[in-house]
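A.B. asks: sequence first, then the predicted structure:
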Amino acid sequence: MFDTHVHFDVAGAWGGRDVFGEARAAGVTGAVNPAVDLATSRRALALHRRYPWVWPALGFHPEHLGNLAEPPVAELAALAAEGGFVAVGEVGLDFWHGRADEERQRRFLAAQGALAQRLRLPLLLHARKGLYDAFAVLREAGFEGRGVCHAFSGSRDMARLALDRGWCLSACAVLTYPNRGRVREVFRWAPRDRIVVETDAPDLPPWGRRGEAHQPRDLPVTVAALADTLGMAPEGAAELTERNARELFGRTGRPEARPPSPGPASRSEETP
């Protein structure tokens, strides 16, 4: 199984547990650790050097822009030049609590989309109440690559917007929630080669464990929910989604293999 979105770098989230060992024991062979700012981008790379199967992403989450007026693109590019990064993210727009910071969020997303285009890396997209806006910003920024709609829980129309651009939809533990039949229907409808899975740990725990920290070892819970949604065996859903993830992030073969360095100049509205 491959977890396309897990925040292993969140210090203290699991009370000192060996979450890496537990995830591996549960069958997680690879993962992407997204960043939310420059510091966590550096931490994601440091974790990759210690655990090569945890692949790093870099970037600024729209709710973690701090006091910055403009995105520090030069610093992100310099960090990317150190090699190992497989995506830019998690980036996007978040209007869940209103649009007071809309213009700054748009500037950050546009700049990071342009950086991803230059580095030839996919995006990990966070979009709450802003999916249509996010794709408009990326189009204007010249981003023509692929990406993942992180923790997708939107409509079929929203899904089509991503799928038409070659993107993947990421299934999360929302599939275990009994009132999310519409989301399950979207995943049944979506092309199977565009579906990946994630935990978003320590966030978005499965139904019945809300209020607890989501464990990285719990990816099989989401895989099982997706398998049930698609009418597949869990083993088949695990193999399918891992293959899709490794194809998207540009790696195949042994999960310990380290992604190549791109070099400095190489190339749902409800969704959390």
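C.D. replies: Received the coordinates, thanks. The shown structure was predicted, so the numbers you read here are calculated from the model rather than taken from an experiment.

A.B. asks: from here on, contacts and neighbour counts on C-alpha atoms
C.D. replies: Noted.

A.B. asks: and Ala116, that's in a helix?
C.D. replies: Yes: with DSSP: H, G, I helix; E, B strand; the rest coil as the criterion, Ala116 is located in a helix.

A.B. asks: per-residue pLDDT, it?
C.D. replies: The model reports Ala116 with a pLDDT of 97.

A.B. asks: do Ala13 as well
C.D. replies: Looking at Ala13, its pLDDT reads 83.

A.B. asks: contact partners for it?
C.D. replies: Residues near Ala13 by Cα atoms under 8 Å, 6 or more residues apart in numbering: 202, 213.

A.B. asks: check the gap between it and Arg210 for me.
C.D. replies: Distance from Ala13 to Arg210, counting by Cα to Cα, to the nearest Å: 15 Å.

A.B. asks: and what of Ala171?
C.D. replies: 17 Å.

A.B. asks: these two: who's more crowded?
C.D. replies: Ala171 (26 against 11; other Cα atoms under 10 Å).

A.B. asks: backbone phi and psi for the more buried one, please?
C.D. replies: With angles defined as degrees, to the nearest 10, Ala171 sits at phi -80, psi 140.

A.B. asks: bridging residues for it?
C.D. replies: Under the criterion DSSP bridges, Ala171 forms beta bridges with Val197.

A.B. asks: quick one: the strands in this structure?
C.D. replies: 2-3, 30-33, 54-58, 87-94, 123-128, 147-149, 168-171, 195-197 (DSSP state E).

A.B. asks: what does the second one rub up against?
C.D. replies: If I follow you right, that is strand 30-33. Counting by Cα under 8 Å, 6+ apart, 1-9, 44, 53-57, 86, 255-256 sit against strand 30-33.

A.B. asks: buried subset of these?
C.D. replies: Buried residues within the contacts of strand 30-33, counting neighbours by 16 or more other Cα atoms under 10 Å: 1-9, 44, 53-57, 86, 255.

A.B. asks: what about the chain, any weak spots by pLDDT?
C.D. replies: Along the chain, segments meeting pLDDT under 70 span 252-272.

A.B. asks: one more time with 50, if that's ok
C.D. replies: Residues of the chain meeting the criterion pLDDT under 50: 253-272.

A.B. asks: tell me what the residue nearest to Leu45 when sequence neighbours are not counted is bridged to.
C.D. replies: Closest residue to Leu45 apart from its sequence neighbours, by Cα to Cα, 6 or more residues apart in numbering: Pro56 at 5.5 Å. Here Pro56 shows beta-bridge partners Asn33, assigned using DSSP bridges.

A.B. asks: how much space between Pro56 and Arg43?
C.D. replies: 9 Å.

A.B. asks: please apply the same query to Gln117.
C.D. replies: From Gln117 to Arg43 the distance is 23 Å (Cα to Cα).

A.B. asks: swap in Ala225?
C.D. replies: From Ala225 over to Arg43 the distance is 31 Å, taken as Cα to Cα.

A.B. asks: repeat for Ala69
C.D. replies: Distance, Ala69 to Arg43, by Cα to Cα: 23 Å.

A.B. asks: same deal with Cys172?
C.D. replies: As for Cys172, its distance to Arg43 is 24 Å (criterion: Cα to Cα).

A.B. asks: neighbour count for the two, which is higher?
C.D. replies: The neighbour comparison of Cys172 against Arg43 (other Cα under 10 Å) goes to Cys172, with 29 against 21.

A.B. asks: show me what contacts Val183?
C.D. replies: By Cα under 8 Å, 6+ apart, Val183 lies in contact with 153-155, 175.
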